[in-house]
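Enquirer: predicted model and sequence follow; I will ask about them next.
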Amino acid sequence: MYRFLWKGIIRDRNRSLLPVLVVTIGVFAVVFSSGFIEGTLDNMIRTTADFQTGHLKVMTRAYLNNEEQKPNDLALLESDALQEKLTKDFSGVEWTPRIFFGGLLDIPDRNGETKAQGPVSGTAYDLLSPGSREAERIGLQQSLVSGHGIQRPDEIIISYDFADRYQVHPGDTVTFFGSTMYGSMSFANYTVAGVARFGIAQLDRGAVILDISDARLLLDMDNAASELFGFLPGNLYDSEQAERIKESFNRQHTAETDEYTPVMVQLADQDFMGQMLAYMDVVSLAIVILLVFALAIVLWNAGILSSIRRYNEFGVRLAMGEEKKHIYRTLLVESLFIGIIGSVVGTTLGVALCYYLQDHGIDYSAMMDSVNMMIDPVLHARVTRQLYFIGFIPGVLSMFIGSALAGTAIYRRNTAMLFKELD
């Protein structure tokens, strides 16, 4: 019987094509939406971690209490030894030092006189050490509008909007004025290696990038760092794993009362990210549930309408001597076949598109010029295990229930009225 029903579905397109298309489109929408929501959440976490918080972060207790001010006078000392210890204690976690600083950038004219000055917010990354992944992590190479990345000491990267405003080009010499971690004045000349546009307004308006060795020399921070960033294996944030590492590290320093004692925090502890992640999880779950519920109603109705259209067919089959329960059973089996076919095709298309967007993404940086938030301007999707089965819940179950409800009309079919209806 099953083989016969399968052939009927494949060969009779007038009966099966529309229901299969409805199921396919609905399942595709649910699968793709779910993957896209997960990818959007991942984008937010990844961008925030890469530029602001890391998956884990180590700093002094005093620095943590004044973190918004980025006080380098409270920075970590002997950071290289601490970084080596962290790498040994927590294998698989990548640790990297960063220094945050601010100051004034002086742009000279051809005679060496000051042509313009502008305030800048600087970040020093470990860009020149062998094996460092910092340039890749912040997307420096892809962000360059002109010039090249930092390849040697005394080079600086300037943000696009700042360079455009003050007419700075690769190869120009600029002077940075600031203060050391001890409060004394410091200045140094740098060659502009390149101009970068991150697509993030907060960075593009006035950010500069140095190698950490130059920043340590400029700010008198030998073997020191503002913060040590930690990134979990695969650069994927896992809140439970991060919490275990944080608690293990902090237990080692609970007996110390010095304000320069290192302390670790994880991403969820910073900038209200814990509340934001919890809120986003609830919102994404609610959206997916609404999509599944809406699709279930649509497919339920599609199953009912598809069965009602075959009312006369059921009458003819009854007149030919077929039992009502057999017709009802074949109707349910057909609905299962149609639901499975549509769910498989819709899931395949949805997962395939999610895979594509996971690797390539959609660039919408042109819409982000006026947004002052650390948001990745490339939208990605993420393929998760739930994408492979979430579409089958409404795709198969709702179609089956709709057909089951509509099929009850078979038992109310009056065969004696058949010829009168056909006349």
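Expert: Received, thanks. Numbering: from 1, shown residues only.
Enquirer: C-alpha from now on. contacts and neighbour counts both.
Expert: Fine.
Enquirer: now stretch 291-299: mean pLDDT?
Expert: The average pLDDT within stretch 291-299 is 69.
Enquirer: correction: the previous question concerned stretch 166-184.
Expert: So the average pLDDT for stretch 166-184 ends up being 91.
Enquirer: can you give me the end-to-end span of it?
Expert: Start-to-end span of stretch 166-184 (C-alpha to C-alpha, to the nearest Å) is 27 Å.
Enquirer: centre of the chain to that stretch, how far?
Expert: 34 Å (C-alpha atoms, centre = their mean, to the nearest Å).
Enquirer: buried residues in that stretch?
Expert: Residues 168-170, 172-181 are the ones in stretch 166-184 that count as buried (16 or more other C-alpha atoms under 10 Å).
Enquirer: which of those residues fall within strands?
Expert: Taking DSSP state E as the definition of strands, the buried residues of stretch 166-184 contribute 173-179.
Enquirer: now the buried residues of stretch 166-184 as a markdown table including distance to residue 20?
Expert: Listed next are the buried residues of stretch 166-184 as a markdown table, based on distance: C-alpha to C-alpha, whole Å:
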| residue | distance to residue 20 |
| --- | --- |
| 168 | 59 |
| 169 | 59 |
| 170 | 58 |
| 172 | 63 |
| 173 | 66 |
| 174 | 65 |
| 175 | 67 |
| 176 | 65 |
| 177 | 68 |
| 178 | 67 |
| 179 | 69 |
| 180 | 69 |
| 181 | 68 |
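Enquirer: and which of the ones in strands among the buried residues of stretch 166-184 is nearest to residue 126?
Expert: residue 176 (19.1 Å; C-alpha to C-alpha).
Enquirer: my read is that that closest one contacts residue 102, right?
Expert: No: at 9.5 Å, residue 176 does not count as touching residue 102 under the criterion of C-alpha atoms under 8 Å.
Enquirer: picking that back up, can I get the ones in strands among the buried residues of stretch 166-184 in JSON lines with distance to residue 97?
Expert: Below are those laid out as JSON lines (distance: C-alpha to C-alpha, whole Å):
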{"residue": "173", "distance to residue 97": "26"}
{"residue": "174", "distance to residue 97": "25"}
{"residue": "175", "distance to residue 97": "24"}
{"residue": "176", "distance to residue 97": "21"}
{"residue": "177", "distance to residue 97": "22"}
{"residue": "178", "distance to residue 97": "20"}
{"residue": "179", "distance to residue 97": "20"}
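Enquirer: next one: the lengthiest strand in the chain to chain centre, how far?
Expert: Scanning the chain for the longest strand, with DSSP E as the assignment, gives strand 94-108. Between the centre of strand 94-108 and the centre of its chain there are 27 Å (C-alpha atoms, centre = their mean).
Enquirer: is it true that residue 226 touches residue 58?
Expert: No: at 9.0 Å, residue 226 and residue 58 do not qualify as touching, with contact defined as C-alpha under 8 Å.
Enquirer: list residues touching both of those two?
Expert: By C-alpha atoms under 8 Å, 6 or more residues apart in numbering, residue 226 and residue 58 have no common neighbours.
Enquirer: hmm, back to that, can you list the buried residues in the longest strand of the chain?
Expert: 94-108.
Enquirer: and the contacts of that strand?
Expert: 70, 72, 79, 83, 86-87, 114-126, 166, 168, 173-179, 212, 215, 225-233.
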